[in-house]
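>>> coords please:
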Amino acid sequence: METVHLILAHEQALLAAIREQDIQQLDRLLHEDLLFTLPTGQLITKADDLASYRAGHLVVTRLQASPPHVRVVAATAVVAVTIALEGTYQGQPLAGTYQYLRVWQQTQAAWQVIAGSCVPVST
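Numbers count the residues shown, from 1 in each chain. Reported below is the predicted structural model:
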């Protein structure tokens, strides 16, 4: 159960980093080999994600997460969470509810997100 609490704390830190565009924190929490699928189907890497934050493409004005579901197997944790998101992306309004699936991998240094995806939720 201890690992679940640690993953939940990391999830909170990740959401705060997204909200605050904290690139240093995102750099710590994202694995170098990250693969993430956006709602458009586009596959991005850690470098792509951080570059987008550095460019200020995503500005979050509201981010509300449901209680996450966490499953831990050995040195891997899978998190499913629904997030209501509002803001702008590349200057265009962004508002919707999305289902995120993130895979956390325990490395020698820390737990980091190594894979994930995000799909829109119909309302």
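>>> What residues of stretch 45-52 count as buried?
Judged by neighbour count using 16 or more other CB atoms under 10 Å, the buried positions of stretch 45-52 are 46, 49-50. Backbone N, C-alpha and C define where each C-beta goes, glycine included.
>>> roughly how far is it from the heart of the chain?
Here stretch 45-52 is found 12 Å from its chain centre; the criterion is CA atoms, centre = their mean, to the nearest Å.
>>> didn't Glu86 look like it was pressed against Val59?
No: counting by CB atoms under 8 Å, Glu86 does not reach Val59; the two are 9.8 Å apart.
>>> now the strands: where do they sit in the protein?
30-37, 43-45, 58-65, 69-73, 76-89, 92-106, 111-120 (DSSP state E).
>>> about what we covered before: adding distance to Leu26, write the buried residues of stretch 45-52 out as TSV.
Shown next, in TSV, are the buried residues of stretch 45-52 (distance: CB to CB, whole Å):
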residue	distance to Leu26
Lys46	9
Asp49	7
Leu50	6
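>>> Show me which of those residues is closest to Ala80.
Checking the buried residues of stretch 45-52 against Ala80 by CB to CB gives Asp49 as the nearest, at 19.5 Å.
>>> Enumerate every residue touching the closest one.
26, 30, 34, 36 (CB atoms under 8 Å, 6 or more residues apart in numbering).
>>> Can you tell me which of these comes closest to Thr76?
Leu34 (14.2 Å).
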